[in-house]
Structures are given as structure tokens and as C-alpha cells.
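Student: Return a 3D structure for these sequence lines:
(one chain, ligands or ions: 2)
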Amino acid sequence: MKGFAMKKIGEIGWIEKERPKCGPTDAIIRPLALSPCTSDVHTVWEGAIGEREDMILGHEGCGVVEEVGEMVKDFKPGDRVMVAAITPDWNSLEAQAGFAMHSGGMLAGWKFSNFKDGMFGDYFHVNDADGNLALIPEGVTIEEACMLSDMVPTGFHGVELADVQFGDTVLVVGIGPVGLMAVAGANLRGASRIIAVGTRPICREVAKKYGATDFIGYKDGSIDEQVLALTNGQGVDKAIIAGGGVETMEPVVKCLKPGGKIGNVNYLGKGTYINIPRVEWGVGMGHKQILGGLMPGGRLRLEKLARLIQCGKLDVTHLLTHKFYGFDKVEDALLLMKEKPKDLIKPVVILEKE
Ligand code: NAD
Ligand code: ZN
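Tutor: Ligands and ions are numbered 1, 2, ... in the order given. Below you'll find the predicted structure:
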């Protein structure tokens, strides 16, 4: 079969590979729609997860079930399914402890385009099919289903980690697609004021649609000073970090109220340490919590998040700024992601013919 791969760090291209084999609890999927991710760019051009040879990229997509193992109970060939970027082993001890995304070791629930071939192939493999697939429900398009693989669940996980409550003033740092979904999630959870940190006009426009009430630019001065100025020196109740580098933690701690919570879903690719400012962290006694997490995967979550789209409570189409048609366009979509033109939020590649 054909696949679009990372040949080595800094090099991409089309390769031929054997079609993946289906184990007793697995499924083999033929993609219907695919979306490249910022993480694919980190993986290929920054060598974020180390060297990989001829590894098929991609972890955002949906498709049709081609084959299932003999122990799979709930899915059959022909089913149209969503798949999350993170596909845990639901029988693992980590899953039993409530952290399925770390099944098999820290971050090891992230298998696609990390430990095994990703979705940008004629076919891709899904472990633990009953736990990791979900039917695409009526009213959800294949391009919307792609946003349920990673962008929605990650942005919303930031909101969960920050524990957003009714009336909270929430800061969202970074309004790429993940940050935009954090804005939408905070809004659904009842945040009052949502202060978004980001500069691109298209991202601001979409953030506003999702519920952002105020904007600041990280290029216009320090984040903490701008937030404190906007909030009469009070700061924010909760914060979600979905952009920038290790340097974003310090200003966010500084403008967080005592008892505040930070949910980081940002991938911190560089630097050895993250600075936590001693005084503003209440000299160790400020009850300011910092949690960072990989998104949870799984069928239940996919089904629940899809219901938000079905019920008209979440519109992910604002994210889909660029559409491509045909499998061979995966390459253009990924290169666009690397280039990141000003009007891009998220590209999607539609494989299914009308
Ligand atoms: P993105 O690159 O499209 O968006 C990040 C945005 O942050 C960009 O618009 C960028 O201009 C902006 N930014 C840069 N520096 C900033 C700063 N100092 N302050 C505020 N904003 C700044 O990426 P994305 O797809 O939205 O993903 C966001 C992050 O989430 C990435 O690091 C990605 O790797 C990570 N991620 C994590 C998970 C997870 O499971 N935790 C899953 C998917 C993606
Ligand atoms: Zn992704």
C-alpha cells in the first residue's frame, strides 16, 4: 500500500509498505478524511520524538472499517468510524488508574506516527478496536469527525485540567486550533470572561465566535501585565496554555489568582526547565495548581464530543480554513501546515468521492 511518510528527520515522501496486519482485537481502517497536525510538523522538521525511518505520518482522521479481528464485538467491515489520535490499551494498569493515555508508559497511548505507522496510508491499524473506535453519527461530516481526533479533545482537556467553573475568568494562551477549542470548551463550561492571547486576525475572529471576550497580544508586552491591567490587578481564576514555549508558564502563574489552576496541553519541545516564579506562586503556599496532560482517547469520549456537534452546541467548521480533495493532497496539506500562512487554522483532506 501507499503511505505518506517521514523518511527521516527533515525528509518526507511517499513510500510503499505492507498493509498492516489485523490482530484479534484490532481493526484495519481505510481513511475517508485526514488532517495534518502541528505535531506532525514538530515530528518531521524538529525531530521532536527522535529519529524515525519511513514512518507513515498522521493521527487525525476518520474512515471505513475494512477488517476486524475475531474478538472485536461492536464494529464490522463497512462501518464509518472516528478514531482519536491517542489509542490506549484499555486493559492496562495505567488505564485502570485513570490515565489510559499513558498506557504502556508515559505518553505511550500516543501510538500513531510515534511508535507505529499513522493514518496517512491506504490503510491504518487501530489497536483495541472496541475501545478506540466510535461510529460517525448522523449529522457529523467526515471533516468534522477529523477535528474530533485531536483538536477538540485536546483543547477540551485543557479546560478539564484547569477545572473551569461557572463564572470563572479564564485565560487561554495560544489560539491555534487547540487553543480555539479551549476557548469553546471554557465557554461551554460557563466561563464568564475569556481572555485570549494571540495575534492573527483570523484566529481572533474565530475565538470571538467561540466565546472569547478580550484579546491580548504576546508580542505587545508581557502577558501577566496585560492580564492584570485588564482585570484591575485581580488576575484570572483559570488558565489554559496551548501555545508558546516553556517561557509562557511564568507570566501565567503571575497573573493567576490564589487557588487558580493551569491546564497545559502545550507540547514543550525545548528547554530543560520550566520556571515557576517563587513570590507569585505564593512563596510555595499560593494554592496555584499546574497540570499538564496528553489528551484522553477512547470511544466514550469520541461519542460524547460528537454529540456536541450533533446537537449544534459546537461548530468545528470555523477551524477548517483549507480543504483539499484526494489522497495525494496530503502532502500539500502538511506542507501548508509547515508554512503556516496567516489565514490558516486547520487544513483537511477529503478522500471520499461525492
Ligand atoms: P498551533 O501552532 O497551530 O497554535 C499555537 C499558537 O500559539 C500559534 O498560533 C502561535 O502563533 C501561538 N503562539 C506562539 N507563541 C506564543 C506565545 N508566547 N504566547 C501565546 N501564543 C503563542 O498549534 P495547535 O495545533 O493549536 O497546538 C497547540 C499545542 O498543543 C502544540 O504545542 C501541540 O503540539 C500541542 N498538542 C498537544 C496535544 C496533547 O494531547 N496535549 C495534542 C495536540 C497538540
Ligand atoms: Zn495532532
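
Student: got the domain boundaries for this protein?
Tutor: For the chain, the TED database gives the domain ranges 2-150+295-350, 155-292.

Student: And the ones you listed: which comes nearest ligand 2?
Tutor: domain 2-150+295-350 (2.9 Å; CB to the ion). C-beta: built from backbone N, CA, C; applies to glycine.

Student: Let me have the domains of the chain in TSV, adding mean neighbour count and distance to ligand 1 as columns.
Tutor: Converted to TSV, the domains of the chain look like this (neighbours: other CB atoms under 10 Å; distance: least, CB to the nearest ligand atom, whole Å):
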stretch	mean neighbour count	distance to ligand 1
domain 2-150+295-350	19	4
domain 155-292	20	2
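
Student: Tabulate these (a markdown table), appending mean pLDDT.
Tutor: Converted to a markdown table, the domains of the chain look like this (pLDDT from 0 to 100):
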| stretch | mean pLDDT |
| --- | --- |
| domain 2-150+295-350 | 97 |
| domain 155-292 | 97 |
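
Student: Residues touching whatever helix or strand Val348 lives in, excluding its own?
Tutor: Here Val348, judged by DSSP states H and E, is contained in strand 346-350. With contacts defined as CB atoms under 8 Å, 6 or more residues apart in numbering, strand 346-350 is touched by 32-36, 142-143, 146-147, 151, 177, 319-327, 329-330, 333, 336-337.

Student: In helices, which of those residues fall?
Tutor: Ile142, Glu143, Cys146, Met147, Met151, Pro177, Val330, Ala333, Leu336, Met337 (DSSP state H).

Student: Just send those back as CSV, with distance to Ile202 too.
Tutor: Output for the ones in helices among the contacts of strand 346-350, formatted as CSV (distance: CB to CB, whole Å):
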residue, distance to Ile202
Ile142, 23
Glu143, 18
Cys146, 19
Met147, 16
Met151, 15
Pro177, 11
Val330, 23
Ala333, 17
Leu336, 14
Met337, 15
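
Student: Nearest to Leu135 among those?
Tutor: Taking CB to CB as the measure, Leu135 sits nearest to Ile142 out of these, at 12.5 Å.

Student: wouldn't that closest one be in contact with Val83 here?
Tutor: No - in this structure Ile142 lies outside contact range of Val83 using CB atoms under 8 Å: 12.0 Å.

Student: between the two, what contacts are shared?
Tutor: Joint contacts of Ile142 and Val83 (CB under 8 Å, 6+ apart) are Cys62.

Student: Next one: the helix or strand hosting Gly63, is it in contact with ligand 2?
Tutor: Gly63 is located in strand 61-68, with elements delineated by DSSP H and E. No - Strand 61-68 lies out of reach of ligand 2 by CB under 5 Å from the ion, never closer than 10.3 Å.

Student: Strand partners (parallel or antiparallel) of that strand?
Tutor: Applying DSSP bridges, strand 61-68 is found paired with strand 27-34 (antiparallel), strand 80-83 (antiparallel).

Student: contacts for it?
Tutor: Residues outside strand 61-68 that contact it (CB under 8 Å, 6+ apart) are 22, 26-35, 75-83, 119, 123-124, 129, 133, 136, 142, 145-146, 148-149.

Student: Tell me where the chain has helices.
Tutor: Using DSSP H, helices in the chain cover 38-45, 93-96, 129-132, 142-147, 151-162, 177-188, 201-210, 223-230, 249-254, 299-310, 330-339.

Student: any chance of the ones you listed in a markdown table, plus distance to ligand 2?
Tutor: Listed next are the helices of the chain as a markdown table, based on distance: least, CB to the ion, whole Å:
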| stretch | distance to ligand 2 |
| --- | --- |
| helix 38-45 | 4 |
| helix 93-96 | 21 |
| helix 129-132 | 16 |
| helix 142-147 | 10 |
| helix 151-162 | 7 |
| helix 177-188 | 8 |
| helix 201-210 | 17 |
| helix 223-230 | 25 |
| helix 249-254 | 22 |
| helix 299-310 | 15 |
| helix 330-339 | 10 |
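
Student: Thr321 and Lys353, how far apart?
Tutor: Thr321 sits 23 Å away from Lys353, going by CB to CB, to the nearest Å.

Student: Check Gly284 too.
Tutor: From Gly284 to Lys353 the distance is 60 Å (CB to CB).

Student: same deal with Leu308?
Tutor: Counting by CB to CB, the gap from Leu308 to Lys353 is 28 Å.

Student: next one: Asp54
Tutor: 28 Å.

Student: before we move on, what about Trp281?
Tutor: 56 Å.

Student: likewise His59?
Tutor: Applying CB to CB, the value for His59 to Lys353 is 24 Å.

Student: same question, Arg307
Tutor: 28 Å.

Student: Equivalent analysis for Val68, please.
Tutor: As judged by CB to CB, Val68 and Lys353 stand 24 Å apart.

Student: do Leu57 as well
Tutor: Counting by CB to CB, the gap from Leu57 to Lys353 is 23 Å.

Student: Likewise for Gly23?
Tutor: Applying CB to CB to Gly23 and Lys353 gives a distance of 31 Å.

Student: what does Cys255 give?
Tutor: 50 Å.

Student: go on, Ala229?
Tutor: 53 Å.

Student: so what's the residue nearest to Asp122 when sequence neighbours are not counted up against?
Tutor: Nearest residue to Asp122, sequence neighbours excluded (CB to CB, 6 or more residues apart in numbering): Met1, at 3.8 Å. Residues in contact with Met1 (CB under 8 Å, 6+ apart) are Glu16, Lys17, Glu18, Arg19, Gly121, Asp122, Tyr123.
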